[in-house]
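Undergrad: what follows is a predicted structure for the sequence shown.
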Amino acid sequence: MVHSAYDCVELVRDVPAKIESIESYGSKLIAGCSDGSLRIFAGEEETSDGSNAYALERNIAGFAKKAVVSMMVVESRELLISLSDSIAFHRLPSFETIAVITKAKGANVFCWDHRRGFLCFARQKRVCVFRHDGGRGFVEVKEFGVADTVKSMCWCGENICLGIRREYVILNTSTGALSEVFTSGRLAPPLVVSLPSGELLLGKENIGVFVDQNGKLLPEGRICWSEAPLEVVIQKPYAMALLVRFVEIRSLRAPYPLIQTVVLRNVRHICQSNNSVILALDNSIHGLFPVPLGAQIVQLTASGDFEEALSLCKLLPPEDSSLRAAKEGSIHIRYAHYLFDNGSYEEAMEHFLASQVDITYVLSLYPSITLPKTTIVHDPEKLDDYGDASHLSRGSSGGSDDMEPSSSHMSEYDDNAALESKKMNHNMLMAVIKYLQKKRFSFIEKATAEGTEEVVLDAVGDNFASHNRLKKTNKGRGSISVSSGAREMASILDTALLQALLLTGQSSVALELLRGVNYCDLKICEEILQKGNHHVALLELYKHNSLHREALELLHKLLDESKSGQSIVTQKFKPEDIVEYLKPLCGTDPMLVLEFSMLVLESCPSQTIDLFLSGNIPADMVSSYLKKHSPNMQARYLELMLAMNENAVSGNLQNEMVHIYLSEVLDWHADLSAHQNWDEKAYSPTRKKLLSALESIAGYNPEALLKRLPPDALYEERAILLGKMNQHELALSLYVHKLNTPELALSYCDRVNECTHQPSTKSSSSIYLVLLQIYLNPRKTTAGFEKRITNLLSLQNKTIPKLTSTPSMKSRGRGSKKIASIEGAEDTKVSLSSTDSGRSDGDVDEYSEGSSSIMLDEVLNLLSRRWDRINGAQALKLLPKETKLQDLLSFLGPLLRKSSEMHRNYSVIKSLRQSENLQVKDELYSQRKAVVKITSDSLCSLCHKKIGTSVFAVYPNGSTLVHFVCFRDSQNMKAVGKGSQLRKRL
């Protein structure tokens with residue numbers, strides 16, 4: 001878009017001679033004329049437009065023999081290079097000629113390398129390079145031949161770009177190699193222009209092509225002039241081309257639009273000055289002075305050329321950084337509104353983003369998005385800089401309410417218009433989503449830092465700062481941390497972003513937003529999610545705000561709806577979803593976990609029990625809760641808990657689990673007994689668990705369980721409980737006489753024997769002797785068992801000590817009488833009393849009632865199978881006299897073999913020890929026979945003096961001799977050293 005970037009001012013008029021070339025030196029203008037003269041013009045006074053009027057300061061007639069067709073000022077070396085019939089160098093400011101390149105006679109073009117001080121010129125089909133040595137000296141470096149006459153040239157690094165008649169080439173000054181770039185066109189002569197960045201602008205007809213120093217095309221594109229330029233000058237941010245009828249000014253920013261056209265005829269040359277561009281006409285000089293950037297920016301903004309205005313803002317000087325930021329922000333906002341009103345929503349959001357405007361300002365363009373209330377008060381002056389507030393009204397934003405369009409409004413349009421409106425609303429929302437996502441990271445970072453700072457201040461007791469910070473809590477719904485500043489802005493952003501995502505159908509992205517760190521407003525988002533039936537997102541919202549009860553209630557409701565199918569639920573929910581939700585809550589709110597786990601305990605018991613086990617909820621709490629709300633699952637929980645970690649289950653829980661098993665077994669027994677189907681050898685799964693629990697765990701109370709057992713059933717359970725009470729005789733009697741299972745009795749004895757861990761054979765074999773005695777004194781009736789057990793329990797309740805440790809004289813006498821009746825084994829009494837710890841007064845009399853035939857087969861089987869664990873002498877004393885020796889062969893055979901083997905082994909060991917003793921004695925005698933020969937040359941190994949006739953000592957090696965006095969002193973020194981070291985350690 002065209003605007004006034006330069007003001008054209010006439011600087012010099014009515015020059016007598018025709019101007020052929022023009023240059024500037026400081027504030028002066030140097031004009032080379034057709035008559036060979038050089039005219040210097042200096043500024044006199046400042047005009048109203050800020051430019052200076054120039055007057056002739058000096059006229060150097062005869063400066064050159066011919067017309068001065070080209071000039072260049074080298075300010076770094078204070079030189080003026082002129083091209084006339086030859087190339088001459090002049091000292092500035094005196095214009096004294098210091099050198100003339102005679103070889104340049106007939107040259108038509110030259111260029112200067114400012115960095116190295118190299119001069120390159122073209123003469124016909126030759127290119128020459130000279131080097132300035134300082135002062136008046138110039139040295140020829142190289143000379144190259146080219147295919148045709150050079151029309152234009154320019155240094156490009158170490159090489160030279162040449163514009164020959166029909167093409168451009170790069171000349172390598174080191175090797176002389178030529179590399180083609182592209183053709184220059186047929187109508188216009190070639191034109192090579194150096195850019196400030198080091199690249200080149202090559203002319204091809206009316207097109208300027210950008211290339212690098214190697215001649216490769218650059219991606220910046222190309223400048224299209226109105227016609228083929230004669231000369232081009234670069235003055236950022238513009239490029240000015242001298243055309244036949246006018247000067248054309250274009251922007252250097254793609255797509256290189258036309259900025260201004262300055263109409264001047266007969267312009268012969270154009271050159272760049274310090275702050276202006278000089279135009280040389282035939283007999284006058286004009287200057288193009290740049291319009292101040294601020295004025296240009298105002299022009300461009302008013303005309304709607306926002307891109308160009310923004311590019312000019314970047315050229316404002318650094319000292320005006322605040323002004324530049326303000327102007328850029330204002331332009332970005334105006335441009336954003338322009339794009340938004342014209343449907344370019346994404347580009348509009350990019351400019352809103354660049355303007356750093358508040359998000360509330362942008363969100364006011366979206367009437368369909370509900371924002372939370374804020375306590376932040378914006379600066380009115382700042383809002384005025386953004387533009388007219390009326391322009392921001394939701395009604396004038398160019399977008400309709402895409403949530404609740406009225407039916408009367410929709411009826412005014414046909415279907416195509418409605419579809420187009422829906423598409424426009426979708427594009428608007430997609431644009432604001434991208435905008436909010438780009439802003440979100442910094443907002444969340446600041447909000448998190450603010451929250452962390454608040455926690456730290458509260459932790460160190462900064463109550464004053466905590467009191468001054470604004471906090472907003474939602475009582476009864478959990479504490480929602482919302483503070484002024486960063487967290488309020490983060491809440492606005494996240495709430496708006498969530499709504500925009502839902503309105504565009506991006507439910508999965510909205511769900512990811514809620515699962516991460518977010519500051520969504522609970523009340524607004526809850527209402528929107530409920531209306532839209534976004535159940536999963538609503539669950540995540542509750543979860544993030546620690547509203548676990550509301551989340552679980554919603555989840556249970558959705559689960560019921562999924563089962564019933566009464567309402568349309570987009571996602572089917574399962575009981576496992578509740579279990580998964582409860583897992584993280586086990587450590588923080590176990591009562592809530594127990595409460596809602598009861599809702600799914602029956603449908604997925606395994607997962608729920610695993611939840612209790614893996615969540616480290618106290619076992620006592622879980623057991624009591626299950627006992628109250630789901631008694632049938634209590635035993636299963638305790639089973640798994642015990643299997644996972646026996647130490648984690650207290651004795652009370654173990655006792656409770658066994659009582660649960662026993663209650664189920666008693667109910668099962670009562671049911672079978674009512675139908676007269678009870679069988680003592682029948683085992684239900686629960687009875688197997690009961691027996692296993694009674695044997696494996698030790699945390700229950702056997703006395704309390706024993707009271708619950710029926711008198712005429714469950715003998716195996718009774719036997720195990722009696723065993724736990726160390727009533728081994730009663731337990732074995734039940735196995736033998738009630739259950740008729742000698743194998744179980746033998747297994748019982750094996751378990752007791754393994755648990756005693758006593759090294760004495762007599763003590764470890766006593767339990768087998770008890771079983772042996774029961775076999776030798778069988779019972780015809782078991783009527784006395786219940787009485788003995790009753791007496792035992794009554795004694796336990798009265799806390800009377802067991803009779804094992806302090807047996808009465810009466811029980812001792814009766815025990816002796818009983819054992820005497822069987823082979824009179826007096827010492828068996830002691831063994832029995834030490835093993836059977838529960839016999840009371842009157843027990844032995846009942847034990848001896850109703851004697852019948854001896855269970856000899858069981859006796860012999862026991863002796864043959866456990867001969868290595870039974871004291872043979874005591875067992876033989878208990879056997880009847882009528883027992884045949886042949887029947888005891890399986891018992892006595894291995895026993896005697898073992899005894900003989902042990903006797904033989906002991907004999908061998910005794911012989912070996914005697915032999916070893918003899919060897920030691922023989923060694924002692926041989927050591928005592930050692931002979932030491934003392935001569936006159938024998939020396940003491942300690943003092944190195946001759947031993948002579950003094951008392952001496954010999955070390956065990958037999959060759960080391962010392963004085964006895966030296967030996968004694970050395971021993972004393974060692975003793976003293978050890979004592980001092982000991983004192984140091986202490």
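TA: Right, received. Where do you want to start? Quick caveat, the model's predicted, so the values are computed rather than measured.

Undergrad: part of a helix, is residue 260?
TA: No: counting by DSSP: H, G, I helix; E, B strand; the rest coil, residue 260 falls outside a helix, being strand.

Undergrad: pLDDT of stretch 245-255, averaged?
TA: Stretch 245-255 comes out with an average pLDDT of 89.

Undergrad: for that stretch, give me every contacting residue.
TA: The contact list for stretch 245-255, computed with C-beta atoms under 8 Å, 6 or more residues apart in numbering, reads 5-6, 220-221, 223, 225-226, 229, 234, 236-241, 256-265, 267, 270, 279, 288, 307-308, 311. C-beta: built from backbone N, CA, C; applies to glycine.

Undergrad: how does it look with 7 Å?
TA: With C-beta atoms under 7 Å, 6 or more residues apart in numbering as the test, stretch 245-255 has contacts from 5-6, 220-221, 223, 225-226, 236-241, 256-265, 267, 270, 279, 308, 311.

Undergrad: just the helices from the stretch 601-750 of the chain, written as ranges.
TA: In the stretch 601-750 of the chain, the segments counted as helices under DSSP state H, counting those that start in this stretch are 605-614, 619-629, 631-644, 651-674, 685-696, 702-708, 715-724, 728-733, 742-756.

Undergrad: between those helices, which gets the lowest average pLDDT?
TA: helix 631-644 (a mean of 71).

Undergrad: how about low-confidence regions in the chain?
TA: Low-confidence segments of the chain, defined by pLDDT under 70: 1, 45-52, 319-320, 375-424, 458-484, 565-571, 640-651, 756-765, 778-853, 976-986.

Undergrad: count of neighbours near residue 588?
TA: Residue 588 has 10 neighbouring residues, counting by other C-beta atoms under 10 Å.

Undergrad: just to be sure, it is in a strand?
TA: No: using three-state DSSP, the secondary structure at residue 588 is coil, not a strand.

Undergrad: what bridges to residue 83?
TA: In this entry, residue 83 is beta-bridged to residue 70, residue 87, by DSSP bridges.

Undergrad: contacts only, for it.
TA: Counting by C-beta under 7 Å, 6+ apart, residue 83 has contacts 69, 70, 107, 110.

Undergrad: relative to residue 141, how far out is the last one?
TA: In other words, residue 110. For residue 110, the distance to residue 141 (C-beta to C-beta, to the nearest Å) stands at 14 Å.

Undergrad: higher neighbour count, those two?
TA: Legend: neighbour count by other C-beta under 10 Å for residue 110 and residue 141, higher for residue 110 (21 against 13).

Undergrad: now the more buried one, what's its secondary structure?
TA: Applying three-state DSSP: residue 110 is strand.

Undergrad: wait, it touches residue 118, no?
TA: No: look at residue 110 against residue 118 with C-beta atoms under 7 Å: they stay out of range, at 10.8 Å.

Undergrad: ok, the strand or helix carrying residue 162: who's next to it in the sheet?
TA: Applying DSSP states H and E as the criterion places residue 162 in strand 159-164. Its sheet considered, strand 159-164 pairs with strand 150-156 (antiparallel), strand 167-171 (antiparallel) by DSSP bridges.

Undergrad: name only those of the contacts of stretch 245-255 that count as buried.
TA: Applying 16 or more other C-beta atoms under 10 Å to the contacts of stretch 245-255, the neighbour count classes 5-6, 223, 225, 237-241, 256, 259-260, 262, 264, 267, 270, 279, 308, 311 as buried.

Undergrad: related to what we said a few turns ago, want to try CSV for the contacts of residue 83, with distance to residue 673 as columns?
TA: Formatted as CSV, those follow (distance: C-beta to C-beta, whole Å):
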residue, distance to residue 673
69, 135
70, 131
107, 134
110, 129
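
Undergrad: and which of those is nearest to residue 621?
TA: Nearest to residue 621, judged by C-beta to C-beta, of the contacts of residue 83 is residue 110 at 99.1 Å.
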